[in-house]
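[1] Everything below, folded, please.
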Amino acid sequence: MDIRRMLALVEVARAGSLTAAAARLNYTVSAVSQQIGQLEDEAGQPLIERRPRGVTLTEAGEAVVRHAEHIERAVLAAHEELEEIAGLRTGTLRLGTIPTVTESFLPAAISAFRDRHPQIDLRVHSAQRADIGHLLESRGIDLAITWTRDEHEPSEPSGTRTELICRDPSVLLVPANHPLAQRPSVRMEDLRHEPWIIRTSTNVLALLQDACEAAGFSPVVSFEARSYQEAQAMVAVGMGIALVPQLSLHSLREDIKVITVISPTPPARRIVLARRRGERLSPSGAAMGQILLETGRSWNGGGPIPVPMRPPGRESQSIR
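    Coordinates of the predicted model:
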């Protein structure tokens with residue numbers, strides 16, 4: 001049965017007449033009478049009895065009104081809940097993120113979001129790039145922070161809409177006692193004979209291969225690390241050198257040096273905010289998205305300096 005006609009019958013029952021119901025609904029009496037007639041056609045029986053001083057409900061009419069009032073209460077409850085969500089007074093937000101963002105600017109963004117919207121249930125899932133993409137596509141998360149390459153791949157993966165937060169350039173890590181350690185910058189072609197340490201990932205390996213091939217050589221990988229902290233540890237003991245994203249240096253060991261790569265241009269990631277294409281973000285998603293853009297861009301433009309970690313068994317030394 002038509003819900004609008006059912007709710008019109010509710011108003012007729014409450015008002016006691018078609019004329020009074022029409023005034024409440026801001027309709028003409030003829031329009032209300034027509035809606036009740038159409039509802040009776042759907043019901044296949046009379047729903048009201050017309051009397052000299054108004055109308056009364058038939059038994060069938062009382063049944064329709066009883067169900068219509070349940071619908072009315074559900075609609076009102078839905079409106080109230082939507083107002084709560086729109087006002088960021090309730091709701092759940094599921095955010096996906098890559099580990100280097102989790103370790104760098106995400107904590108500041110989470111603190112800002114919770115300060116402004118403490119009643120939102122925020123849930124964060126940290127995973128590698130490929131897993132984040134799958135979670136977003138399968139609706140396991142509502143919003144994601146991930147990365148794309150500056151070149152060789154579409155700026156927006158299929159089915160996803162992205163917005164740039166910041167560029168994350170790669171830097172070179174060498175042991176503190178390496179012959180290049182005192183140099184502020186180095187050219188990629190000067191590294192052709194060095195063994196390399198990478199984080200285990202086909203995407204990360206592709207970034208290194210492209211940078212080395214542009215300099216005229218192929219990299220020899222001596223160690224595949226499960227994390228950038230593990231990569232730092234292997235650099236420190238001389239297993240090789242590593243090209244890592246700048247965001248991975250939030251916790252930096254004292255026994256390695258960071259060097260800028262100047263030629264050719266080192267690979268850089270685009271840290272992006274990703275959402276499903278064609279879908280509107282919830283109010284909480286939109287609020288978190290804006291905070292992430294502000295926080296990430298501020299971090300990239302002169303955020304906190306990486307804090308060196310003292311290796312076990314060594315006295316603290318300043319990094320020059």
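
[2] shouldn't Ser282 be in contact with Leu95?
    No: the criterion here is Cβ atoms under 8 Å, and Ser282 misses it with Leu95 at 11.7 Å. Bear in mind the C-beta positions are built from the backbone N, C-alpha and C, glycine included.

[3] so what sits against both of those two?
    Asp142 (Cβ atoms under 8 Å, 6 or more residues apart in numbering).

[4] Give me the more crowded residue out of those two.
    Higher neighbour count among Ser282 and Leu95: Leu95, with 23 against 18, using other Cβ atoms under 10 Å.

[5] how would you label the more buried one: helix, strand or coil?
    Of the three states, Leu95 takes strand under DSSP: H, G, I helix; E, B strand; the rest coil.

[6] what pairs with the closest residue in space to Met239 that isn't next to it in sequence across the strands?
    Closest residue to Met239 apart from its sequence neighbours, by Cβ to Cβ, 6 or more residues apart in numbering: Phe223 at 4.9 Å. Phe223 has these beta-bridge partners by DSSP bridges: Ile197.

[7] Phe223: what's it in contact with?
    Taking Cβ under 8 Å, 6+ apart, one finds Ile197, Ile198, Ala231, Met234, Met239, Gly240 in contact with Phe223.

[8] farthest-separated two in those?
    Pairwise distances across the contacts of Phe223 peak at 11.2 Å for Ile198 and Met239 (criterion: Cβ to Cβ).

[9] Between those two, tell me which one has more neighbours.
    Taking neighbours as other Cβ under 10 Å, Ile198 and Met239 compare with Ile198 leading, 22 against 17.

[10] So for the more buried one, what's the pLDDT?
    Per-residue confidence (pLDDT) for Ile198: 94.

[11] I'd guessed it sits against Val204; true?
    Yes: the criterion here is Cβ under 8 Å, and Ile198 meets it with Val204 at 5.6 Å.

[12] buried stuff in stretch 193-210?
    Using 16 or more other Cβ atoms under 10 Å as the test for burial, stretch 193-210 gives Glu194, Trp196, Ile197, Ile198, Arg199, Val204, Leu205, Leu207, Leu208, Gln209.

[13] which residue packs closest to the second one, ignoring adjacent ones?
    The shortest distance from Trp196 to any residue that is not its chain neighbour, by Cβ to Cβ, 6+ apart, is 4.6 Å, and that residue is Pro219.

[14] contacting residues around that neighbour?
    So Pro219 contacts Trp196, Leu208, Gln209, Cys212 (Cβ under 8 Å, 6+ apart).

[15] which two from those end up farthest apart in space?
    Farthest-apart pair in the contacts of Pro219 is Trp196 and Gln209; separation 9.9 Å (Cβ to Cβ).

[16] what ranges of the stretch 51-200 of the chain fall below the confidence cut-off?
    Low-confidence segments of the stretch 51-200 of the chain, defined by pLDDT under 70: 84, 150-158.

[17] residue boundaries of the strands in it?
    54-57, 92-97, 121-126, 143-149, 160-175, 185-187, 195-199 (DSSP state E, counting those that start in this stretch).

[18] I'd say Ile110 and Val124 touch.
    Yes: when contacts are counted by Cβ under 8 Å, Ile110 is listed as touching Val124 (7.3 Å).

[19] Between these two, which has more neighbouring residues?
    Taking neighbours as other Cβ under 10 Å, Ile110 and Val124 compare with Ile110 leading, 19 against 14.

[20] could you measure that one against Ala127, distance?
    17 Å (Cβ to Cβ, to the nearest Å).

[21] Likewise for His67?
    His67 sits at a distance of 47 Å from Ala127 (criterion: Cβ to Cβ).

[22] Settle it for me: which of those two has more neighbours?
    With neighbours defined as other Cβ under 10 Å, His67 and Ala127 compare such that Ala127 has more, 19 against 12.

[23] Report the contact partners of that one.
    Gly96, Thr97, Ile98, Leu135.

[24] quick one: it and Pro107, what's the gap?
    According to Cβ to Cβ, Ala127 and Pro107 sit 17 Å apart.

[25] just Leu281 next, same as before
    22 Å.

[26] do the same with His250
    Remark: distance between His250 and Pro107 (Cβ to Cβ) = 10 Å.

[27] Give me the more crowded residue out of the two.
    It is His250, of His250 and Pro107, that has more neighbours when counted by other Cβ under 10 Å, with 20 against 13.

[28] my guess is Val29 contacts Leu18, does it?
    Yes: with contact defined as Cβ under 8 Å, Val29 counts as touching Leu18 (5.3 Å).

[29] So for the two, which residue has more residues nearby?
    Between Val29 and Leu18, counted using other Cβ under 10 Å, the more crowded position is Leu18 (24 against 14).

[30] The helix ranked longest in the chain: which residues count as buried?
    Of all the segments of type helix in the chain, defined by DSSP state H, the longest one is helix 59-86. Buried residues in helix 59-86, counted by 16+ other Cβ under 10 Å: Gly61, Val64, Val65, Ala68, Glu72, Ile85.
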